[in-house]
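S.K.: Mind folding the following:
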Amino acid sequence: ADAYGWPRDLSDAEIVARVVALNVERRAEEAAGLIRWLRPAYQAPTEAARPAQQSSMDVDAVAVVGGAQWPKTEPDQFVLLRASLRNGPVTLREIAKTIKGAPRGDRVPRMLAILVAMGQARAVAGGRYMA
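M.R.: Coordinates of the predicted model:
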């Protein structure tokens, strides 16, 4: 009970119901790509041993102003795209105006969908996105 922050006086049926609900919540998180490793070195040794990959661009250091150039590498494209969402909800058209050379077609919408799935952006009303 202490580990989960639950009251100590729960009945067996209440405990089972809470564990099942927690399992449903964790399965939804895992389906969305969030994995909560308890012991990464044991459960995911290749992930724990792999050095973190960092793009040459840092999201916090990117200032998106009119005329930013679309980067050549995909990681840098994601960083710039996410940075373009920091100043409030924007549409695809507004993003295209801000970033020179941004691809047309479904590339940017697919990248935005990935950012949303990763929890790095969210879709809001009116076809707008924000970080």
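
S.K.: What is the least confident helix or strand in the chain?
M.R.: Within the chain, confidence by mean pLDDT, DSSP states H and E is lowest for helix 45-49 among all helices and strands, at a mean of 67.

S.K.: Sheet-wise, list the partners of the helix or strand hosting residue 123 with their directions.
M.R.: Assessed by DSSP states H and E, residue 123 sits inside strand 122-124. If you go by DSSP bridges, strand 122-124 pairs up with strand 128-130 (antiparallel).

S.K.: what's in contact with the strand it pairs with?
M.R.: Under the criterion Cβ atoms under 8 Å, 6 or more residues apart in numbering, residues 85-86, 88-91, 95, 112, 115-116, 121-124 lie in contact with strand 128-130. Just so you know, the C-beta spots here come from the backbone N, C-alpha and C atoms, and that holds for glycine as well.

S.K.: Tell me the one of these nearest residue 75?
M.R.: Using Cβ to Cβ, residue 115 is the member of the contacts of strand 128-130 that lies nearest residue 75, at 12.5 Å.

S.K.: Next, count neighbours for that closest one.
M.R.: Other residues lying near residue 115 total 19 when counted by other Cβ atoms under 10 Å.

S.K.: hmm, back to that, derive a PyMOL selection command for the buried subset of the contacts of strand 128-130.
M.R.: Selection of buried members from the contacts of strand 128-130 for PyMOL, criterion 16 or more other Cβ atoms under 10 Å:
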select buried, resi 85+89+90+95+112+115+121
